[in-house]
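Undergrad: Next one to model:
(3 chains, ligands or ions: 2)
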Amino acid sequence: MTGSKTPPPAKTVDEGLERGIAGLTEERIRRIIRRVLAGETGARLKAYVDTCIHCGLCSEACHFFLSRDRDPAYSPVGKVKQTLWEILRRDGRVSPDFIKEARIIASTHCNLCKRCAMYCPFGIDVAYLMLVVRRICHLLGVTPLYIQDTAHSHAATLNQMWVKDDEWIDTLMWQEEEARGEIPDLRIPLEKEGADILYSVIGPEPKFQAQLIYQAAVILHVAGVDWTMPATPGWDNSDMAMFVGDNELMGRLKRAHFETAARLRVNRIVMGECGHAFRSVYDVGNRWLGWSMPPIPIVHAIDFYHELLEEGRIRVARRFEEPVTLHDPCNVVRGGGLHEKARAVIRRTCAQLIEMEPNREHNYCCCAGGGVINCGPPYKKHRVESNRVKAEQIAAAKLKGAKVVITPCHNCHSGIEDIIHHYELGVETRFLGDILYQVMEKP
Amino acid sequence: MNELYRLATGPLLWAAFAVFVGGSLYRLLELFLLARRRERFLFTYFSLRYGLRSIAHWVVPFAATNWRRHPALTAVTFAFHLCLLLTPIFLLAHIVLWEEAWNVSWPALPDDWAIGMSFVVIGGCLFFFARRRVVPEVAYVTSASDYGILLLTAAPFVTGVIAYLQWFDVRLFTVLHVLSGEAMLVAVPFTRIRHMLFAPLTRAYMGSEFGAVRHARDW
Amino acid sequence: MNRFTDGSWNPAIFDLPLSSWRERFLGVEEIQASPSGDAAAAIVRLGQEGFTVCVNGETWPEPYEKLWHLRYAPDGRLVALGSREGEWTVVVNGVAWENRFSFVWNPLFSDEGGRIAVAFQQDMAYGMAVDDVPWEESFPNLTHPLLSPDGASCAAVVQTEPLNEGDIFKYRQGIYTAAVGGRPWERRFMNAWSPAFRPDGGSLAAAVRLGPSDYTIAVDATPWEETFACVWDPLFHPQRRTVLAPVRRGGSWWLAEDGRILWDRPFVQLWQQRVSADGKRIAAVVAPSFGRWTVAVDGRPWKADAGEMVSDPCFSPDGGRLAARFKEAGRWTVAVDGRVWNQRRGMVFSPVFSPDGSRVCVRFKDKGRFGYLLDDRPWELAAEAAWDPVFSPDGDRLLLRSLEQGVFRRRVLPLADFGKV
Ligand code: SF4
Ligand code: SF4
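TA: Ligands and ions are numbered 1, 2, ... in the order given. Next up is the predicted model:
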């Protein structure tokens, strides 16, 4: 790992990694690597590794590279060089320390945002290559502690936040009760078989942000949607298993989610404002299970708000006054093409939109996605420092008058908040739902 | 020397072409079979329309965002690849050989042009070499093989130009030219020059995923 | 209770207007229909007092601060979960259990409906209760509550020790297992999921994870000798008393029986395995190739397939026929014995066989309106709600329950009259 201008991030102490490598032998490392390379990878890995011409053109795609003064170790191909190329070159004969470093690079120096695939002339998918590295590290039991804990929660409770079966229901009832203070006949219909829509959220909503469920309930109620929420596990659409490399667990979570929707006989799943969850249900988890597309259509909140506004089911009472800017979440923009719909929703709900540059598919990632924020406090400083370009984007939008950054994704929301705080940008973050709830006509 | 020339333009040339064509086909087939065996789902997402849409944006100079960000590199890259492919095909001396062997021929480039284009290729190699030395993110991922490839690519053009201009021993450089050209052909399936085979596939795959599934542009 | 039907299988239509309920109460939740169709009920909202249940127009004697999850048990008893003074309990036909809990959820009924179980949380300790009798032992957490078909035992996956968030090391040592009747298995696992009882309730199997990537099935605490890259839910074979489970090996899914591969070919996916009542045939939902779904019977997939989803395979009572739900291009339909119906709807519910297996009827919903399909023949009732069809024991008649223009309607009709009335 030579040639890097800045020293590697201050040695993080992550027990998940330290104790993970403690019991590793080189022999086992080699065996697992071979198993993954021979059994789980194929044409993509081969084509990507063989085709890469080492041109470095992907570098400027990556916010890590740009934010870290063009440190080549943070260029997309630079990360591949330090991890997968070494593994291939040494035919899997790498040390436990190497595995630890590779895990840090693959899990905390890359958000799997796929921006680089739009900058590499060959469309080489570095995010996929980083996932291969993550997979190897998972099978070796070397995973940052915080995100491993989250994956453990997924396995034990089928949600991300250790929310117990009763706590989930209790939270929904509590939010229903709260919302009835505002709209007396509002309901959060539980277990309504045959409803049109299943509304699904990520674990942190009931755990920390229950007001988002309240807001969604108000929006769905006012729009007259025939909807339901499950009173069983399977309600959580999030997926840290996908990001640690535990594909089997990812499959279990996505199966539970889709089968819950199927059990309730709904036509569509509408999900809250989450990007990684969209990726997980839309084109990753479903594929692992053998579904080429989601078996039950997944409608991201942006898309759904757009539909409700276009159809006039939600009307805007007074538009949001303060000028806003929009952060395009990678997973629903580069991953789902929702950028124009997000803008259409903002045009209807806000008085003024000030664009960040670059935007739409060319947005910079928030640096929280891909499970990076979920690796926890040990990596936080590195994470916010690795997204100076985002701070600059936001600052430029603020100079033009923006006071609020709309971030229609949970990870982005938290990531951008950290950036705003760290760089003292003095703007606010809001979900699109926050805005819609605030400006809509209510009975 | 005549012996060597005859060998180089005879059996060796045949062998080089055979290895080039056979090896390239083998590489493509190998990739296809690998995908069929382990990642069959990839075929589900391949879309001709979106694959071509993506390729179109990347084979037209400055059509992709990243091409526009690097005007010099883009200009050199396109000129280099164009000349690299066209010069050997439309060089009069090569066409004559084809005609002798197969009785086929096609219009040739004026020799001046061909020389000029060869210089473009050589210049391109020098540019890429310099880039590998000077640009940190390129230097970081450059290995000996990358220089090797540049050398392999430049060699037939350098020797060809020298032979044509009769600077040194013409016969020696003609033989060297033939041999280095053959070396390059043979190298295609076995070095990273095979990006020329795989690039359309990787680009088309990413284009398909972005276009048909993700509803987004990838350029 | 106000009886509005004769409760018989004589062909007739009985109507129960519900529109007055909307005037009587502040709110009326989803209508529930009794299995025999002679009652309709809903949770209704009173003023300050909270909620009660209205059955055929009569309310339960006592209101509750909150009521939810109103369901009819198979034996016709009406069950809801209710709270008073911050405590929760199970309310059966308006009568609350003696026991009170901090929370109750997931009510379960035995096949005949004679027994009712529920998961509870009491002061942050978790357990289950059957017919008002709570487990003696409780746990830091409980998931996957389950009642045996005969109602004799109940089980769940339990966490046996408290775990601090972030303690990934203790987790890996194994703090999960299955508990039957409140008694946890001796052995602990990294994870346990989807317990399944032998039909007689005498044995329990569960999917378990022994290590981060070692999965298998444990039967009465003993794991199979073979481990796999992944496994799905186990199912007991009723006659052979073996356990069937989908297992993943070499990147494909196989059907295994007691740890040994049963079917001779793998699939891209395989789940929802079912055994016919006579035990002679085994079926499962499979994906023979990526993105294509169908049903396989004894390892042989049907030729007909669907691209979006196939689910809920079910055998006829005699085991001779097999139906499943198929979804293609956003529309649902039914496939029976490999033949896909022509009628497609926005949603079809579970197919129901006549007792002799010769007829199949299913409820559907399209553009918000309900109707039925009988052997691929539609009846567009345009109902606001409808319930699964019921065949008479001799299979000649159908009982249909629907909500049409605010009227709950119980229809008994000869099959020949399907679609006519
Ligand atoms: S963070 Fe995004 S741009 Fe950077 S390497 Fe990862 S996928 Fe590529
Ligand atoms: S742009 Fe593509 S080919 Fe060039 S170094 Fe990056 S991944 Fe390799």
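Undergrad: okay, CA-based contacts and neighbour counts for the rest of this
TA: Fine.
Undergrad: Domain ranges for chain C, per the record?
TA: Domain assignment for chain C by automatic domain parsing gives C:1-100, C:135-223, C:225-340, C:353-421.
Undergrad: For residue B:89, which of those domains is the nearest?
TA: Residue B:89 lies closest to domain C:225-340 among the domains of chain C, at 43.1 Å (CA to CA).
Undergrad: start to end distance for the closest one?
TA: Terminal residues of domain C:225-340 lie 40 Å apart, using CA to CA, to the nearest Å.
Undergrad: picking up where we left off before, can you say which of the domains of chain C is nearest to residue A:275?
TA: Of all the domains of chain C, domain C:225-340 comes closest under CA to CA, at 23.0 Å.
Undergrad: so who does the closest residue to residue C:308 other than its chain neighbours touch?
TA: Distances taken as CA to CA, 6 or more residues apart in numbering or on different chains place residue A:295 nearest to residue C:308, at 4.8 Å, with adjacent residues excluded. Neighbouring residues of residue A:295 by CA atoms under 8 Å, 6 or more residues apart in numbering or on different chains: A:258, C:308, C:309.
Undergrad: coming back round to it: could I get the domains of chain C as JSON lines with mean pLDDT and mean neighbour count?
TA: Shown next, in JSON lines, are those (pLDDT from 0 to 100; neighbours: other CA atoms under 10 Å in any protein chain shown):
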{"stretch": "domain C:1-100", "mean pLDDT": "94", "mean neighbour count": "18"}
{"stretch": "domain C:135-223", "mean pLDDT": "96", "mean neighbour count": "21"}
{"stretch": "domain C:225-340", "mean pLDDT": "97", "mean neighbour count": "21"}
{"stretch": "domain C:353-421", "mean pLDDT": "95", "mean neighbour count": "20"}
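Undergrad: Would you check how far apart residue A:233 and ligand 1 are?
TA: Note on residue A:233: its distance to ligand 1, by CA to the nearest ligand atom, to the nearest Å, is 31 Å.
Undergrad: Mind telling me what element that residue is part of?
TA: Under the criterion DSSP states H and E, no helix or strand holds residue A:233.
Undergrad: Which residue is the nearest non-sequential neighbour of it?
TA: Closest to residue A:233 by CA to CA, 6+ apart is residue A:158, at 6.0 Å.
Undergrad: tell me the secondary structure for the residue positioned nearest the centre of chain A?
TA: The residue lying closest to the centre of chain A (CA atoms, centre = their mean) is residue A:276, at 2.7 Å. Classification of residue A:276 using DSSP: H, G, I helix; E, B strand; the rest coil returns helix.
Undergrad: Please give me every residue in contact with it.
TA: Listed by CA under 8 Å, 6+ apart, the contact set of residue A:276 reads A:238, A:239, A:331, A:369, A:370, A:411.
Undergrad: Closest to residue A:114 out of the residues you listed?
TA: Proximity of the contacts of residue A:276 to residue A:114 was ranked by CA to CA; the top entry is residue A:331 with 9.0 Å.
Undergrad: That closest one against residue A:278, yeah?
TA: Yes. Applying CA atoms under 8 Å, one finds residue A:331 in contact with residue A:278, separated by 6.9 Å.
Undergrad: mind listing the helices for chain B?
TA: Under the criterion DSSP state H, chain B carries helices at the ranges B:2-9, B:11-38, B:41-45, B:48-59, B:65-69, B:71-90, B:92-102, B:111-134, B:136-140, B:144-165, B:170-190, B:195-208.
Undergrad: dump the residue contacts of the residue of the stretch 251-400 of chain C found nearest chain B.
TA: Proximity to chain B, evaluated over the stretch 251-400 of chain C using CA to the nearest CA, is greatest for residue C:290 at 5.8 Å. When contacts are counted by CA under 8 Å, 6+ apart, residue C:290 touches A:290, A:291, A:292, B:40, B:41, B:44, C:268.
Undergrad: Return the member of those residues nearest to residue C:52.
TA: Distance ranking of the contacts of residue C:290 against residue C:52, using CA to CA, places residue A:291 first at 43.3 Å.
Undergrad: In three-state terms, label that closest one for me.
TA: Residue A:291, by the three-state scheme (three-state DSSP), is coil.
Undergrad: ok, now how distant is residue B:19 from residue B:152?
TA: Per CA to CA, residue B:19 is found 16 Å from residue B:152.
Undergrad: err, residue C:76, not the other one
TA: Residue C:76 is 84 Å from residue B:152, where distance means CA to CA.
Undergrad: repeat for residue C:79
TA: 81 Å.
Undergrad: where does chain C come near chain A, residue by residue?
TA: C:27, C:30, C:69, C:103-106, C:121, C:141, C:143, C:165-168, C:171, C:191-192, C:212-213, C:229-230, C:250-251, C:268-269, C:287, C:289-292, C:307-309, C:346-349, C:365, C:368 (CA under 8 Å from any CA of the partner chain).
Undergrad: in the helix or strand of chain B with the lowest mean pLDDT, what's buried?
TA: Ranked by mean pLDDT, DSSP states H and E, the weakest helix or strand in chain B is helix B:2-9, scoring a mean of 83. By neighbour count on 16 or more other CA atoms under 10 Å in any protein chain shown, the buried set for helix B:2-9 is B:5, B:8.
Undergrad: returning to that earlier point: from the contacts of residue A:295, pick the one nearest residue B:75.
TA: Within the contacts of residue A:295, distances to residue B:75 taken as CA to CA reach their minimum at residue C:308, with 46.7 Å.
Undergrad: and the closest residue to ligand 2 within the stretch 251-400 of chain C, backbone torsions?
TA: Of the residues in the stretch 251-400 of chain C, the one nearest ligand 2 is residue C:251, at a distance of 27.9 Å by CA to the nearest ligand atom. The phi/psi pair for residue C:251 (degrees, to the nearest 10) reads phi 80, psi 0.
Undergrad: residues contacting it?
TA: By CA under 8 Å, 6+ apart, residue C:251 lies in contact with A:39, A:40.
Undergrad: okay, the domains of chain C in TSV with distance to residue A:108 next?
TA: Listed next are those as TSV, based on distance: least, CA to CA, whole Å:
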stretch	distance to residue A:108
domain C:1-100	44
domain C:135-223	18
domain C:225-340	27
domain C:353-421	47
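Undergrad: For residue A:201, which of the ones you listed is the nearest?
TA: Closest to residue A:201 of the domains of chain C, according to CA to CA: domain C:135-223, at 19.5 Å.
Undergrad: Run through the residues of chain B sitting next to chain C.
TA: Proximity of chain B to chain C, by CA under 8 Å from any CA, involves residues B:40, B:41, B:44.
Undergrad: Tell me how many other residues crowd residue A:255.
TA: Neighbour count of residue A:255, defined by other CA atoms under 10 Å in any protein chain shown: 18.
Undergrad: For it, which three-state class applies?
TA: helix.
Undergrad: Which pLDDT value goes with it?
TA: For residue A:255, the model assigns a pLDDT of 98.
Undergrad: Check the spacing between it and chain B real quick.
TA: 18 Å (CA to the nearest CA, to the nearest Å).
Undergrad: That residue against residue A:288, yeah?
TA: No. Counting by CA under 8 Å, residue A:255 does not reach residue A:288; the two are 10.0 Å apart.
Undergrad: contacting residues for the closest residue to residue C:304 other than its chain neighbours?
TA: The shortest distance from residue C:304 to any non-neighbouring residue, by CA to CA, 6+ apart, is to residue C:338 (6.0 Å). Residues in contact with residue C:338, defined by CA under 8 Å, 6+ apart, are C:295, C:302, C:303, C:304.
Undergrad: For the second one, give me phi and psi.
TA: Which is residue C:302. Phi and psi for residue C:302, reported as degrees, to the nearest 10, are phi -60, psi 150.
Undergrad: Can you list phi and psi of the closest residue to it other than its chain neighbours for me?
TA: Using CA to CA, 6+ apart and skipping the chain neighbours, the partner closest in space to residue C:302 is residue C:338 (5.3 Å). Main-chain dihedrals, residue C:338, degrees, to the nearest 10: phi 90, psi 0.
Undergrad: what's the nearest residue to residue C:94 if we skip its chain neighbours?
TA: residue C:60 (5.1 Å).
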